[in-house]
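whatever this is, show me its structure:
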Amino acid sequence: MIDITADLVRTLISEQFPEWDGLPIAPVARQGWDNRTFRLGDQLSVRLPSAEGYVAGIGKEDRCLPVLAEHLLLPVPTPVATGRPAAGYPFPWSVRRWIPGDALESAANVDRIGVARDLGGFLTALRGIPTKQGPACGRHSCFRGCHPSVYSDDVEYALDKLGNLVDAAACRAVWASALTSAWPFPPTWFHGDLAVGNLLTADGKLSAVIDFGTCGVGDPACDLVMAWTYFVGDERKVFREAVGLPDDTWRRARGWALWKALITMPDSDPEGIQSRILTHVLADPVIE
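Here you go, the predicted model:
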């Protein structure tokens, strides 16, 4: 992992985009693992991969986001410029339009039913975008959009590691159900990492979707995990109705939610968030 600082970003901007030299630079309050993001003045942001494995996402987003933005009602972080490796930073990087808003995970007074409806509508619109310019799912998308069976070994490894901490038989039953079908239609666009940190709100409503680093074209089931990771009760019903996909897709989505919870629990779940998500997945509150 590279130590990416405001001083480094300032040097990169000064050398490659002097028209923005002098604008204030500050790290955003919340940082993901794959990239580091900085505010650049009031209207722009700078996004830099934190390690070599995340570099492909920058070029992909720079190619795909303008295409997606033409068809989506919600804003996405469209690119303004692409930087080259230099000044002690070995990877390409990107300057994007800054989108104001509060991350869903920390936003107050959220209309959760409205978010469920609007997120479902966003995904429906995303699936309807022509896929000609979209990259087929694979390693660049961390295999999101592929069949969930690609992670069967991960599931078994996590179950062995967790031992009696989970109901392994119930987990294996959910996983087996997820593997009994495949997406029977032409591949569609998917986001690949729909989580509360990648959804922005304004005035309690869904206002933007960010971080398309794992986007691609394939099976959209991976984009439905919010049904278990965030929504509850009637929110799940509203989300499912707004998404408009068949039961088999939801079973694969349940498998994706199970996989993520299991692989995260052994080493990085100090607050028990993934354990609680696993409880929701096993209780099956979405597929009845």
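
contacting residues around residue 203?
Residue 203 is in contact with no residue at all, counting by CB atoms under 8 Å, 6 or more residues apart in numbering. Every C-beta, even on glycine, is put in place using the N, C-alpha and C of the backbone.

so how far is residue 76 from it?
According to CB to CB, to the nearest Å, residue 203 and residue 76 sit 19 Å apart.

list the buried residues in stretch 270-279.
For stretch 270-279, burial by neighbour count (16 or more other CB atoms under 10 Å) applies to 274, 277-278.

residues contacting residue 146?
Residue 146 makes contact with 137-138, 218-219, according to CB under 8 Å, 6+ apart.

export the longest helix belonging to the chain to CSV, keeping only CA atoms.
If you go by DSSP state H, the chain has its longest helix at helix 247-264. Taking Å, rounded to 0.1, in the frame of the first residue of the first chain, the C-alpha atoms of helix 247-264 are listed here in CSV:
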residue,chain,number,x,y,z
ASP,A,247,-36.5,-15.6,-7.6
ASP,A,248,-33.5,-17.4,-9.0
THR,A,249,-31.6,-14.1,-9.3
TRP,A,250,-32.4,-13.4,-5.6
ARG,A,251,-31.1,-16.8,-4.6
ARG,A,252,-27.8,-16.0,-6.2
ALA,A,253,-27.8,-12.6,-4.6
ARG,A,254,-28.4,-14.3,-1.2
GLY,A,255,-25.3,-16.4,-2.0
TRP,A,256,-23.3,-13.2,-2.7
ALA,A,257,-24.4,-11.8,0.7
LEU,A,258,-23.5,-15.1,2.4
TRP,A,259,-20.1,-15.2,0.8
LYS,A,260,-19.1,-11.7,1.8
ALA,A,261,-20.3,-12.2,5.4
LEU,A,262,-18.4,-15.4,5.8
ILE,A,263,-15.1,-14.3,4.4
THR,A,264,-15.2,-11.1,6.5
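
counting by contacts, list what it packs against.
Applying 3 or more CB pairs under 8 Å, 6 or more residues apart in numbering; DSSP states H and E, one finds that helix 247-264 contacts helix 152-162, helix 168-178, helix 226-229, helix 273-283.

follow-up on the earlier one: can you list which of the contacts of residue 146 are found in strands?
Taking DSSP state E, the ones among these that sit in strands are residue 218.
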